[in-house]
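K.L.:
The following comprises the amino acid sequence and a computationally predicted model.
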Amino acid sequence: MRELARRVSAELPRNKVSCMNWTNHEAVSEARSQQWKGMFAEESQIKAGDSSPASPGNCAVNVDLHKTPTQIVLTAEVENGGNDKGRLFAAISRAGIPVESVGASTPRMEKELLWQQRERILDAIFVRGANGATDRLIVLQKDALVVYERQGAEWKASLTKPLSEASMTQRAPRGEIYYSLDQPDRVKIVFAGKSCQANLSDASPFNCQAGSEAARTGMLLISTCDSGTWWLRADGGDLTMPDRLELVQPSAQKTEASVAELPVPGPVLSISSGEGLQADTAVAFNLATGNYEVYRVALACGE
């Protein structure tokens, strides 16, 4: 919020006395909106005017708050002089916004579609770029491991590693990616009967050895709202029917009811994590389109 305010202040002509219109399109509670408005006005040193939509042109700065499934998006329209106007944007993750009341303890899951393709996906992991690094999406296909990097609004393949000796020949192939924040350029891939190490920074081959690990049935998911820990699993029903992601206590048995659910347009094929359990990655097969889809799943705070 303060960073956007500084950017807006830098765009305004130095000799122009400005005021600001602030409009909250039901993105956050009014109390939080007023708090953010005060922070913005303080940082930008712009007088906070009325947010009446009847007279938006009276001020040189108009700030609008909108809500998406995963973010609060702020748009600042700034008069640069004459009739020219510029727009600046900022986004705040809803999962990172603290709850406003102690009683708001029921978690709420939200998913974001990251990728879809026709070719079969066994597993995938979304890795959030840290310290200015690029976001990555690691996709395990039946015959290759593909690393995508986010460039603007698109994903571009940066590395493709054929599985070669790690290739699976079984009729129903299984492959699971394991990622650690301590080793950002390496992943472990577990297949039926073998475990392989892969370097994500070069084209070196997989380093595989015989091994046997039980199939993953879900993944821990930590709430950034209150640091609570949950277990994210799939319903695991009929593979020809739409599925749902379920949130349960980590110690819950398979038969115990979930505390939150999220519908998915087909069977969930895998659940992994590349963000230190603060968000999970789920792969599903969309029965309507025939595409394999990759979702980022996180817990949202507040409203």
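P.N.:
Looks like it arrived, so ask away. Residues are numbered from 1 along each chain as shown.
K.L.:
Quote the end-to-end distance of stretch 262-277.
P.N.:
18 Å (C-alpha to C-alpha, to the nearest Å).
K.L.:
What of stretch 125-141?
P.N.:
Per C-alpha to C-alpha, the first residue of stretch 125-141 is 12 Å away from its last.
K.L.:
chain center to that stretch: distance?
P.N.:
Relative to its chain's centre, stretch 125-141 lies at 11 Å (C-alpha atoms, centre = their mean, to the nearest Å).
K.L.:
And for it, what's in contact with it?
P.N.:
114-115, 119-124, 145-151, 155, 158, 175-177, 179, 184, 187, 189, 200, 272-275, 279, 281, 294, 296 (C-beta atoms under 8 Å, 6 or more residues apart in numbering). C-betas here are computed from N, CA, C, even on glycine.
K.L.:
Whichever strand or helix holds Ala41: how far from the chain's middle?
P.N.:
Following DSSP states H and E, one finds Ala41 within helix 30-44. Relative to its parent chain, helix 30-44 has a centroid offset of 26 Å by C-alpha atoms, centre = their mean.
K.L.:
name the helices or strands packed onto it?
P.N.:
With contacts taken as 3 or more C-beta pairs under 8 Å, 6 or more residues apart in numbering; DSSP states H and E, helix 30-44 sits against helix 2-11, strand 19-24, strand 47-48, strand 61-67.
K.L.:
Which of these comes out lowest on mean pLDDT?
P.N.:
Mean pLDDT is lowest for strand 47-48 among the helices and strands packed on helix 30-44, at a mean of 60.
K.L.:
Would you verify that Ala257 is located in a strand?
P.N.:
No - looking at Ala257 with DSSP: H, G, I helix; E, B strand; the rest coil, it is coil, so not inside a strand.
K.L.:
Distance check, it against Leu247.
P.N.:
11 Å (C-beta to C-beta, to the nearest Å).
K.L.:
Over to Glu275?
P.N.:
Distance of Glu275 to Leu247, given as C-beta to C-beta: 17 Å.
K.L.:
Likewise for Gly290?
P.N.:
From Gly290 over to Leu247 the distance is 28 Å, taken as C-beta to C-beta.
K.L.:
the more surrounded of these two?
P.N.:
A direct count of neighbours by other C-beta atoms under 10 Å for Gly290 and Leu247 places Leu247 higher, at 23 against 9.
K.L.:
Check the offset of the one helix or strand the more buried one maps to from the chain's centre.
P.N.:
Secondary structure from DSSP H and E places Leu247 in strand 243-248. Relative to the centre of its chain, strand 243-248 is centred 17 Å away, using C-alpha atoms, centre = their mean.
K.L.:
let's number from 31 now, not from 1
P.N.:
Yep, numbering from 31; the last one is strand 273-278 now.
K.L.:
which secondary structure elements does that strand contact?
P.N.:
Short answer (3+ C-beta pairs under 8 Å, 6+ apart): strand 273-278 packs on strand 138-147, strand 259-264, strand 290-294, strand 298-302.
K.L.:
where in the chain is pLDDT low?
P.N.:
43-48, 77-88, 111-114, 128-136, 195-202, 283, 332-333 (pLDDT under 70).
K.L.:
Pop the domain breakdown of it in here.
P.N.:
For the chain, automatic domain parsing gives the domain ranges 32-126, 138-330.
K.L.:
how far does the first one stretch from start to finish?
P.N.:
The first residue of domain 32-126 is 16 Å away from its last residue (C-alpha to C-alpha).
K.L.:
Which parts of the stretch 131-280 of the chain are strands?
P.N.:
For the stretch 131-280 of the chain, strands defined by DSSP state E, counting those that start in this stretch occupy the ranges 138-147, 151-157, 166-171, 174-181, 184-192, 205-209, 216-221, 224-229, 237-240, 249-252, 259-264, 273-278.
K.L.:
In its sheet, which strands sit next to the longest one, and in what direction?
P.N.:
Just to be clear, that refers to strand 138-147. The pairing partners recorded for strand 138-147 under DSSP bridges are strand 322-330 (antiparallel).
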